[in-house]
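> Kindly return the folded structure for what I paste below:
(chains A, B, C and D)
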Protein chains: 4
Amino acid sequence: MTPHNLRIVISTGGGDAPGLNAVIRAVVLAADKRGWEVFGSRNGYQGLLDTNHLVRLEPSEVFGIEQMGGTILGTTNKGNPFEFPVSSLTGEVTIRDLSPRVMENFKRLRFDAFIAVGGDGSLNIARRFAELGMPVIGIPKTIDNDLSGTVITFGLDTACVTATEALDKLKTTARSHERIFVVELMGRYAGWIALESGLAGGADVILIPEIPYDIRIVAEKILDIDVHGRKHAIVVVAEGAVPIDGKLTTKNETEAGRQEVVLGGIAERIAKELKDLTGKDTRHLVLGHLQRGGSPTRFDRLLGTRFGAAAIRFIEQGYFDTMVALDPPTVKAVPLVDAVSRMKNVPLDGDTIQTARDLSICLGD
Amino acid sequence: MTPHNLRIVISTGGGDAPGLNAVIRAVVLAADKRGWEVFGSRNGYQGLLDTNHLVRLEPSEVFGIEQMGGTILGTTNKGNPFEFPVSSLTGEVTIRDLSPRVMENFKRLRFDAFIAVGGDGSLNIARRFAELGMPVIGIPKTIDNDLSGTVITFGLDTACVTATEALDKLKTTARSHERIFVVELMGRYAGWIALESGLAGGADVILIPEIPYDIRIVAEKILDIDVHGRKHAIVVVAEGAVPIDGKLTTKNETEAGRQEVVLGGIAERIAKELKDLTGKDTRHLVLGHLQRGGSPTRFDRLLGTRFGAAAIRFIEQGYFDTMVALDPPTVKAVPLVDAVSRMKNVPLDGDTIQTARDLSICLGD
Amino acid sequence: MTPHNLRIVISTGGGDAPGLNAVIRAVVLAADKRGWEVFGSRNGYQGLLDTNHLVRLEPSEVFGIEQMGGTILGTTNKGNPFEFPVSSLTGEVTIRDLSPRVMENFKRLRFDAFIAVGGDGSLNIARRFAELGMPVIGIPKTIDNDLSGTVITFGLDTACVTATEALDKLKTTARSHERIFVVELMGRYAGWIALESGLAGGADVILIPEIPYDIRIVAEKILDIDVHGRKHAIVVVAEGAVPIDGKLTTKNETEAGRQEVVLGGIAERIAKELKDLTGKDTRHLVLGHLQRGGSPTRFDRLLGTRFGAAAIRFIEQGYFDTMVALDPPTVKAVPLVDAVSRMKNVPLDGDTIQTARDLSICLGD
Amino acid sequence: MTPHNLRIVISTGGGDAPGLNAVIRAVVLAADKRGWEVFGSRNGYQGLLDTNHLVRLEPSEVFGIEQMGGTILGTTNKGNPFEFPVSSLTGEVTIRDLSPRVMENFKRLRFDAFIAVGGDGSLNIARRFAELGMPVIGIPKTIDNDLSGTVITFGLDTACVTATEALDKLKTTARSHERIFVVELMGRYAGWIALESGLAGGADVILIPEIPYDIRIVAEKILDIDVHGRKHAIVVVAEGAVPIDGKLTTKNETEAGRQEVVLGGIAERIAKELKDLTGKDTRHLVLGHLQRGGSPTRFDRLLGTRFGAAAIRFIEQGYFDTMVALDPPTVKAVPLVDAVSRMKNVPLDGDTIQTARDLSICLGD
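Sure, this is the predicted structure:
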């Protein structure tokens, strides 16, 4: 039986990632080709909680948006529907389970499928709705590339391009001024951005969460470069990198079961320590939100487009409770539960780490 | 037994591709880490034919070259050593087999391994030297992404970025002037650049060598867009695209067993035909060598770097007569003979083609 | 007396130029600040001929458009209102003066001022409306930078950036392949784009309309470079460059009093001649509409914004029948009649030409 | 009398600026054309103090460097020759006047002219050598555009391009997350980078050193934007911006007679204050050294090239004790003493400030 005139609802949740608009456009166009309708839930699950925040997405409205950063649906989450903070008239906040309201809205509006575009958090919520009987397709979204189940997702390439361009810029001024630059890149739990950008950008040192670093080994590397006649160096550090001999400042448990780390200042700290240990002119830079922003690269536009179209095909084929994933060169569906059950870290025995070691890049260990 | 103090020779052949210098740098650094020496054969096999064209590659000489387009070794091939054109004093040209001279030089200079970076042509020659007993590792190089054995190689991403940027530029002026633009991209036998760039760049029509096109179907698509209220459109065409009802102008057999097509003018021809069939203001652009040039993207730098380092590891492990290949997320060695025995075309049942159809992009059929 | 609640109409005519949308946005915002209303005439003068093509421009509609190439008002001119081609029922075309209809619409809709953004052609038409009593402010628009009265206008910088990036890309592949590249850039009557991009992009030869070139001198330069050990070279040629010993293919008089040249093929011709004269591997590239397209540079956005705001201030001050002009570091008003009466060519005794000669760049003479 | 076989020495001092290498290349090529020799003094005046740091610059060594950021001569100043810090064997530092040694080296090496490329500090030193009889030409170098005597100099365009690209990126993520971003740009005493980039990048608030800001006025602007339905905003702040009601943390007199401000943290401070005053999600970013780095834009390459060639022509013509300056469209020589005697601030009555006000951009006052 071929499905007829399906009604699809889509949301984008969590931090934005370049490529989200390409996903939305592809979903809308591939649905339109089949005569289906697509509705957008603004700001994550808000449109499913309060249908005033649902918008009909016509093909004319998504023309050209594949070039745009961010997401036309917004990502300003008010909370997890299963544990939603509700304020009383007296200002007290209580946690309520609003999932029945979401399920009711979903049925009342006669939706046939829900496409959840999100990271670990949003996809876990989607999985819980799937358990309640909602036909769900997940699409992975993470700048950090830390979702398992897919070899890569959109957003990483744009972030790495921005980071590598920053390294290219800093190298020229580092050389002129004979300086050490310490550059902090995204990556709380996984070091993909730092490792890939550092390799592409010719970094001398790359510090990632997967390998606790010894600052004295880093300082020795800087001094060794100097001995060999080069007076400048580039140190790349992921925001979640941790020193071998220390603890991170603060941690607490998040709903996704991860340790939430209060980050910040790792580049500044390392710059200060390297200055003390080497005596060299040392500066730091935190690239921050620049890595999330801007027009997606052609790679992220293409991958987002393929993921969006695949989600519609998987709905057509009835592959629910799955996540769209890239298994190069092909897009396939993997069980949603597998995808969100564990993180994808940089494998320490993989060829990318081995490449860094082969190039005598210091990894802090 | 761990190899000691190996002497490696490397060449880059055929059309240049962004990422070649990243390969060279990684080979030199990964060899240096092991205490090995690397020599470069200038202009393909020329350095192995005439040792005046061999250069010692020191780590200091490859500093920062990963950012540079082209190849520091040059690619101006004088000919295939197995069928080398030799001019006599009277100007007559005879074809001679100079492969014994190459083998002799290789032995005389006590080389332990040869890294051939090249496309179909160069790798086939390398394979023949492997048959003569030379320890060979191939590294795939093709802008067009038409080499089998590897999911992707360096150069494609940079070419697609340049092409997508061109489409982004043309869209704005096409809209202002209500014009049809026909853009010719690289791809003689395989349509990867056109398909991927066209999808990322929001093209309305994508014509690739794998799908013979009917110009009347393309014209109908243009008129249909007009009926729906949009006055401009973008047509992307691979240089090797062929009309359904016609033959290409000239073909002849090449040494690689492929049909060599004398190309050019496909965009101009299509623009003229579309103007006649639709009556619309139609322009064409041939992007040409811009797609080969320029600083490699971070993706191509990274992949080139991983390939170069892997080649050295494969030499260390004795994996000869193989080609370095990407099987995401890992780099592995595949038999060289498999890699060069057939082309990698765009699979017509793959998800990328399906995505184009889902987005109602006209593929000319 | 301060003007109250003025109603402004704006049009953009001729070929599009990056920065037009920044002009429109600044006009709308600066008018809104004063409580004035702005209307856009679509496709040049079409909105003034047929008020169905007039649109009210609200501040919300121009949000963010400064980043966009092209013009939201379109530039698909149907003709000069003073000599408008009108088709009868039998298909005959007669030329009619529709300027009275424009004047009547202008009065009937109680417009207080007209801002004409255009090149030589559009501004001349605007000047004739000014003679009929319409309060007119001109804003110069030309990629080619050939309008006198202003030191520079928006569009040139974006075109030169695109051209220089193309030269950067070609240099790397030219070097690898030891090739000569001939690159055709815009510039029918004035060689600014070719001269400025060629200087910034390290060209060896720059041929501009202002200096008829001798192909033998160009060939000598190429051979001289070869003798000094460099095997590749870059030749930049403006589309309007002319050989010293030849005539251009076709010319005819345009309404602006200029000789209209049927162009095309100058790069291909020069490449062929250089190949014959030097025996070297020579390729050509026509950059074409890429130079008009795409997001404007920060320079063109800024200049367009300054010009748009200045136009509103000049209306407030009653400076009509003038053109907004840049006299660095200040924007001022110059008489419209002066601005359109002559072209701004590259001065042969200026320091930019002298710089090219100081760098031993061949100018073909 | 035409000068014959002159020997020129050139230095680059102070913070690096994109375009320095274009200057060096043009000086070398224009000198070579006249048969002159050029020597580079490494790290500012160091090569004139210690001739081991002098290098002969041949045309072959400057090939292609116009594309490179930084300066091949380095800028790691050890000190002002007139007040040079000298360490004794016991570690004591005394200030000595080493200018006689510079004058002696200059004469002993038979130099005919000195080209000083630098900012306020380096040019003042050059002027003092001119007073001692050295034939000096200055070339202005400042990212901040705060040197008087020239309408603009190289470096500003590249810095503004980097800054505007950052604003473009942040706008997309600001919109998705409904955030306020506060971006700190360069500009200690003059607000050119912040003002020009803010205008080009569509900022809502621009704070510059020339206009002390009232944080409550900024907060009102943010709230007013919110009332009108936009939930995100961009605040651009020059590093030297000062609150109307406060003092900067630390100041002291510099040799150039300016107040040296210990900067840093202005963006973080403003972000915190805005969060408190508006209750909105507010983030900050310090763009820092990214603005100095990277390949120069075509504008900065061109201007650097014109300046370098002009310096050689001015030497030929005997125009010493002058600075090369841009008076568009022409490069001219201005007295060196005039150029360094005062700063070039953003004129508060100029059309750029007026443009910002016309667009309802908040300037903090």
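
> Quick check: mean pLDDT of stretch A:281-298?
Computed over stretch A:281-298, the mean pLDDT rounds to 95.

> chain center to that stretch: distance?
14 Å (C-alpha atoms, centre = their mean, to the nearest Å).

> Could you do stretch A:231-248 as well?
21 Å.

> What segments of chain A are helices?
For chain A, the helices defined by DSSP state H cover A:20-33, A:46-49, A:99-108, A:120-131, A:156-177, A:192-200, A:215-227, A:266-278, A:298-316, A:336-339, A:351-358.

> now those helices as TSV including distance to A:Gly149 and mean neighbour count?
Placement of C-beta: from N, CA and C, glycine included. As requested, the helices of chain A are exported to TSV (distance: least, C-beta to C-beta, whole Å; neighbours: other C-beta atoms under 10 Å in any protein chain shown):
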stretch	distance to A:Gly149	mean neighbour count
helix A:20-33	16	26
helix A:46-49	24	23
helix A:99-108	24	16
helix A:120-131	10	22
helix A:156-177	15	25
helix A:192-200	15	29
helix A:215-227	34	18
helix A:266-278	29	19
helix A:298-316	13	27
helix A:336-339	3	19
helix A:351-358	19	21
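
> These: lowest mean pLDDT?
With a mean of 87, helix A:336-339 has the lowest mean pLDDT of these.

> That helix vs chain B: in contact?
No - using C-beta under 8 Å from any C-beta of the partner chain, helix A:336-339 never reaches chain B; the gap is at least 15.6 Å.

> and whichever residue of the stretch 201-350 of chain A sits closest to chain C, what does it touch?
Nearest residue of the stretch 201-350 of chain A to chain C (C-beta to the nearest C-beta) works out as A:Ser295 at 8.9 Å. Residues near A:Ser295 by C-beta atoms under 8 Å, 6 or more residues apart in numbering or on different chains: A:18, A:67-69, A:158, D:168, D:172.

> Against chain C, which of those make the cut? List them.
Applying C-beta under 8 Å from any C-beta to the contacts of A:Ser295, those adjacent to chain C are D:Asp168.

> Can you lay out the contacts of A:Ser295 as TSV showing distance to B:Gly364?
Formatted as TSV, those follow (distance: C-beta to C-beta, whole Å):
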residue	distance to B:Gly364
A:Pro18	30
A:Gln67	24
A:Met68	29
A:Gly69	32
A:Thr158	31
D:Asp168	36
D:Thr172	34
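
> close enough to count as contact, A:Ala159 and A:Gly293?
No - applying C-beta atoms under 8 Å as the test, A:Ala159 and A:Gly293 come out as separate, 9.6 Å apart.

> Spit out the residues that contact these two alike.
When contacts are counted by C-beta under 8 Å, 6+ apart, A:Ala159 and A:Gly293 have A:Pro18 as shared neighbours.

> buried stuff in stretch A:202-219?
In terms of neighbour count (16 or more other C-beta atoms under 10 Å in any protein chain shown), stretch A:202-219 has its buried residues at A:202-211, A:213, A:215, A:218-219.

> How confident was the prediction at the residue nearest to the spatial centre of chain A?
Residue closest to the mean C-alpha point of chain A, counted by C-alpha atoms, centre = their mean, is A:Thr142 at 1.9 Å. pLDDT for A:Thr142: 92.

> Equivalent analysis for A:Ser341, please.
80.

> Now it: closest residue in space that isn't a chain neighbour?
Nearest non-adjacent residue to A:Ser341, counting by C-beta to C-beta, 6 or more residues apart in numbering or on different chains: A:Ser148, 7.6 Å away.

> Dump the helices of chain A into a markdown table; add distance to chain D as well.
Converted to a markdown table, the helices of chain A look like this (distance: least, C-beta to the nearest C-beta, whole Å):
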| stretch | distance to chain D |
| --- | --- |
| helix A:20-33 | 8 |
| helix A:46-49 | 12 |
| helix A:99-108 | 22 |
| helix A:120-131 | 14 |
| helix A:156-177 | 3 |
| helix A:192-200 | 14 |
| helix A:215-227 | 13 |
| helix A:266-278 | 11 |
| helix A:298-316 | 13 |
| helix A:336-339 | 23 |
| helix A:351-358 | 23 |
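
> Stretch A:16-28 near chain B anywhere?
Yes - Stretch A:16-28 is in contact with chain B by C-beta under 8 Å from any C-beta, via A:Ala26.

> tell me the contacts of A:Ala309?
A:Ala309 neighbours (C-beta under 8 Å, 6+ apart): A:26-27, A:29-30, B:351, B:354-355, B:358-359.

> Get me the contact residues on the stretch 101-250 of chain A for chain B.
Taking C-beta under 8 Å from any C-beta, the part of the stretch 101-250 of chain A that reaches chain B is made up of A:151-152, A:157, A:160-161, A:163-164, A:168, A:171, A:196-197, A:199-202, A:230.

> Tell me how many other residues surround the residue nearest to A:Ile270 when sequence neighbours are not counted.
Excluding its sequence neighbours, the residue lying closest to A:Ile270 (C-beta to C-beta, 6+ apart) is A:Val182, at 5.0 Å. Using other C-beta atoms under 10 Å in any protein chain shown, A:Val182 is surrounded by 28 other residues.

> Name whatever forms a beta bridge with A:Val183.
In this entry, A:Val183 is beta-bridged to A:Val236, A:Leu285, by DSSP bridges.

> Just the pLDDT for the residue in the stretch 1-150 of chain A positioned nearest to chain D.
For the stretch 1-150 of chain A and chain D, the shortest gap (C-beta to the nearest C-beta) falls at A:Gly69, measuring 3.1 Å. We have a pLDDT of 94 for A:Gly69.

> Would you mind stating the distance between it and A:Asp16?
Between A:Gly69 and A:Asp16 the distance, using C-beta to C-beta, to the nearest Å, works out to 7 Å.

> try A:Arg230
38 Å.

> Of those two, give the one with the bigger neighbour count.
Set A:Arg230 next to A:Asp16 and count neighbours by other C-beta under 10 Å: A:Asp16 wins out with 27 against 16.

> thinking the more buried one is in contact with D:His177, fair?
Yes - look at A:Asp16 against D:His177 with C-beta under 8 Å: they come within range, at 6.6 Å.

> Which residues are in contact with each of these two?
The contact sets of A:Asp16 and D:His177 overlap at A:Thr75 (C-beta under 8 Å, 6+ apart).

> And for A:Arg128, nearest residue in space, chain neighbours not counted?
Going by C-beta to C-beta, 6+ apart, A:Arg128 has A:Phe82 as its nearest residue, at 6.1 Å.

> Now for the one you found, how many residues are close by?
Other residues close to A:Phe82 by other C-beta under 10 Å number 18.

> list the buried ones in stretch A:328-342?
Quick answer for stretch A:328-342 (16+ other C-beta under 10 Å): A:331-337, A:339-340.

> Which one of the residues you listed is nearest to C:Thr12?
For the buried residues of stretch A:328-342, the minimum distance to C:Thr12 (C-beta to C-beta) is 42.7 Å, reached by A:Val331.
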